[in-house]
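S.K.: Here is a sequence together with a model predicted from it:
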Amino acid sequence: MLDELREKLRPFCVKAVEEGIPAEEVDRWIGQARPCAVLTSGGDGPVAGRFGGPLLLPAGVPDPAHPYVASVDLAALPEDSTDLPLPPAGRLLLFASPWYISDTANHGQAVYVPAGTPVEERDRNAWHDHGIEGGAEAHAFRSLPQCELRVRTEPDLPYYYLPDWSSKTLPGFPHAYELTEVWGSARDRRPFQGHQLQIGGYPDQEDSEVDPLNDLASRAVQQAEQGYWGGGEPVSGAVEDWVLLAHWGPLLHYPEGTDVQWGIQRADLAARRFDRTFTTVYGNP
């Protein structure tokens, strides 16, 4: 799989060297490549999920507090399509409010339904009962079409060039900014009509300089300290303790350039504590 990923990155490597970035640094940069599962409404890969559709949950799971985005059939993901310790089967349901609620609030959630678990259909609009109002943004969300999602495996590289705001560049990569610029132009990962999810890989956020997981971890800690999230359990503020579970760029008219990131601590993912998923939304109005 690693050889296949490197081969897919060949056009990026050629362009980066043509832009004057030392070949040795380019080679070290692609050493950071991670596999990710890209689920889209087109393509010829196997069906591995659905954008929208009926909301099917076990009887004991409360109605989610955020709109239903998509479901992912984990058994349908190709082997080694991510480096995450995901369950081998079952469904991952993703929820998000892709508009601003507050600067630090948790904007979504994830629910894991193990294979064979009895489910019942729920009201997809039950999130209104939780006091979340989106106005025109919520109307735009509801107008997004629903469809099957087909999966392919792609390599992913960082789309940020600072580990934190106090640094000048990523350690060991003096051309990190240029590398992310080339990566942004060499790939074609922005969704068509909002029908794309990415499972695993690196977070992707428009106008991002710092690793978006850094911001996500910081918000999770703040929300946990205020008693709004985390269930009273420890929450790490160290970005290395977090991974990207999923990314979605819905292409809403407002806010434009919207990016939704679902992050989870590595330990929680290994323990299948999907209730400990934290979600951030970025918009470029």
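M.R.: Received it, and whenever you're ready, just let me know what you need.

S.K.: Okay, helices next: where are they in the stretch 1-150 of the chain?
M.R.: For the stretch 1-150 of the chain, the helices defined by DSSP state H, counting those that start in this stretch cover 2-8, 10-18, 23-30, 136-142.

S.K.: Please name the residues that touch residue 11.
M.R.: residue 186 (Cβ atoms under 8 Å, 6 or more residues apart in numbering). For glycine as for every other residue, the C-beta is placed from the backbone atoms N, C-alpha and C.

S.K.: oh sorry, the question was meant for residue 230
M.R.: Going by Cβ under 8 Å, 6+ apart, residue 230 touches 220, 223-224, 276.

S.K.: Specify which member of these is nearest to residue 53.
M.R.: Nearest to residue 53 among those is residue 276, at 25.2 Å by Cβ to Cβ.

S.K.: wait, the closest one sits on residue 266?
M.R.: No: applying Cβ atoms under 8 Å, one finds residue 276 not in contact with residue 266, separated by 11.0 Å.

S.K.: which one of those two has more residues nearby?
M.R.: residue 276 (22 against 14; other Cβ atoms under 10 Å).

S.K.: so what's that one up against?
M.R.: Residue 276 makes contacts with 230-231, 233, 264-265, 268, as judged by Cβ under 8 Å, 6+ apart.

S.K.: hmm, 6 Å instead?
M.R.: Residues in contact with residue 276 (Cβ atoms under 6 Å, 6 or more residues apart in numbering) are residue 268.

S.K.: Likewise for residue 242?
M.R.: 213, 217, 263, 265.

S.K.: Compute the first-to-last residue distance for stretch 169-178.
M.R.: End-to-end span of stretch 169-178 (Cα to Cα, to the nearest Å): 11 Å.

S.K.: How about that stretch, which residues are buried there?
M.R.: Buried residues in stretch 169-178, counted by 16 or more other Cβ atoms under 10 Å: 170, 173, 175-178.

S.K.: Export the longest helix anywhere in the chain to CSV, keeping only CA atoms.
M.R.: The longest helix of the chain (DSSP state H) is helix 212-225. Below are the C-alpha coordinates for helix 212-225, written out as CSV (Å, rounded to 0.1, in the frame of the first residue of the first chain):
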residue,chain,number,x,y,z
PRO,A,212,-6.5,22.3,12.6
LEU,A,213,-6.3,19.4,15.1
ASN,A,214,-4.4,21.8,17.3
ASP,A,215,-7.4,24.1,17.4
LEU,A,216,-9.8,21.2,17.8
ALA,A,217,-7.9,19.8,20.8
SER,A,218,-7.7,23.2,22.4
ARG,A,219,-11.5,23.7,22.1
ALA,A,220,-12.2,20.2,23.4
VAL,A,221,-10.1,20.9,26.5
GLN,A,222,-11.9,24.2,27.1
GLN,A,223,-15.3,22.6,26.7
ALA,A,224,-14.3,19.8,29.0
GLU,A,225,-13.1,22.2,31.7
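
S.K.: and it, what does it pack onto?
M.R.: strand 259-265, strand 278-282 (3 or more Cβ pairs under 6 Å, 6 or more residues apart in numbering; DSSP states H and E).

S.K.: I'd like those strands as a markdown table, with distance to residue 29 and mean neighbour count appended.
M.R.: Shown next, in a markdown table, are the helices and strands packed on helix 212-225 (distance: least, Cβ to Cβ, whole Å; neighbours: other Cβ atoms under 10 Å):
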| stretch | distance to residue 29 | mean neighbour count |
| --- | --- | --- |
| strand 259-265 | 22 | 25 |
| strand 278-282 | 24 | 25 |
